[in-house]
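> Just to be clear, the model below is a prediction. Sequence and coordinates:
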Amino acid sequence: MNFDKPQATKAVAPTQHAKPKSTVAPVKKVETKKKLPTHVVVKHSALKHSAPTSKKTVPAIKKTVALQKPTISPYVRSSISLMPEKKKQMVCAPGEHCFWVCDGRVLADLRELGAALAEIEDEIFTHHVTDERHDFANWVEEILCDGDCAKKLRETDNRHDARKVVLQALDLYE
């Protein structure tokens, strides 16, 4: 080599150095922005909106807000079911519409029917209640205007069960 003369050298770009060729494309670094959620759950009481389940777009922030139905806690639900229902008014049959039992008793309302069912003999009960005939249930439905009690009375076949039905019905009256 001659050191006196400068030799012309070929300029090599920095990327063209002796690197082995790769078959994989280079990965580009891209900055990503955090994406905000498109739906935000907000309690029903927080927004003044009466629809039980609806979506509302808030113009200032351009997000969709899903409203949920308010839920009742189990404690509140149990106290609601314990609230007393409005009691029915007891109907007392006038003289000509009283129930005349075959042993001579005369019944005017459900209290008297419950007391009579506790005392009458089974033969007297079967005289008034058969497969074809339901005298007590018919009287309770037509005269005393209690269809629910009458329906349950028709399903009984002895005086003890009939008395239980009448006592349960009496709990609904004043």
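Now that the structure is in, tell me what you want to look at. Keep in mind that this is a model prediction, so the values were computed, not measured.

> going forward, measure contacts between C-alpha atoms and count neighbours the same way
OK.

> show me the contacts for residue 107.
The contact partners of residue 107, taken as C-alpha atoms under 8 Å, 6 or more residues apart in numbering, are 98, 99, 100, 101, 113.

> partner residues bridging it?
residue 99 (DSSP bridges).

> Ok, residue 129 next?
residue 134.

> you'd agree it is up against residue 136?
Yes - with contact defined as C-alpha atoms under 8 Å, residue 129 reaches residue 136; the gap is 7.3 Å.

> need the contacts of residue 107 in a markdown table with neighbour count, can you?
Output for those, formatted as a markdown table (neighbours: other C-alpha atoms under 10 Å):
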| residue | neighbour count |
| --- | --- |
| 98 | 17 |
| 99 | 22 |
| 100 | 12 |
| 101 | 18 |
| 113 | 21 |
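
> Mind putting these into a markdown table with pLDDT?
What follows is those, written out as a markdown table (pLDDT from 0 to 100):
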| residue | pLDDT |
| --- | --- |
| 98 | 95 |
| 99 | 95 |
| 100 | 95 |
| 101 | 95 |
| 113 | 96 |
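
> Out of those, which comes closest to residue 158?
residue 113 (14.0 Å; C-alpha to C-alpha).

> Just the C-alphas of the host helix or strand of the closest one, formatted as CSV.
Assessed by DSSP states H and E, residue 113 sits inside helix 110-119. The C-alpha coordinates for helix 110-119 follow below in CSV (Å, rounded to 0.1, in the frame of the first residue of the first chain):
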residue,chain,number,x,y,z
LEU,A,110,-118.1,-16.4,58.7
ARG,A,111,-117.4,-16.2,62.5
GLU,A,112,-120.5,-18.2,63.2
LEU,A,113,-119.8,-20.7,60.5
GLY,A,114,-116.3,-21.3,61.9
ALA,A,115,-117.7,-21.8,65.4
ALA,A,116,-120.4,-24.2,64.0
LEU,A,117,-117.9,-26.3,62.0
ALA,A,118,-116.0,-26.8,65.3
GLU,A,119,-119.1,-28.2,67.1
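
> Residues in contact with that helix: which ones?
Against helix 110-119 from outside (C-alpha under 8 Å, 6+ apart): 107, 125, 140, 144, 159, 160, 162, 163, 166, 167, 170.

> okay if I get the residues you listed as CSV plus pLDDT, distance to residue 150 and secondary structure?
As requested, the contacts of helix 110-119 are arranged in CSV below (pLDDT from 0 to 100; distance: C-alpha to C-alpha, whole Å; DSSP: H, G, I helix; E, B strand; the rest coil):
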residue, pLDDT, distance to residue 150, secondary structure
107, 95, 16, strand
125, 96, 15, helix
140, 95, 6, helix
144, 94, 10, coil
159, 95, 14, helix
160, 96, 15, helix
162, 96, 10, helix
163, 97, 12, helix
166, 96, 9, helix
167, 95, 13, helix
170, 93, 13, helix
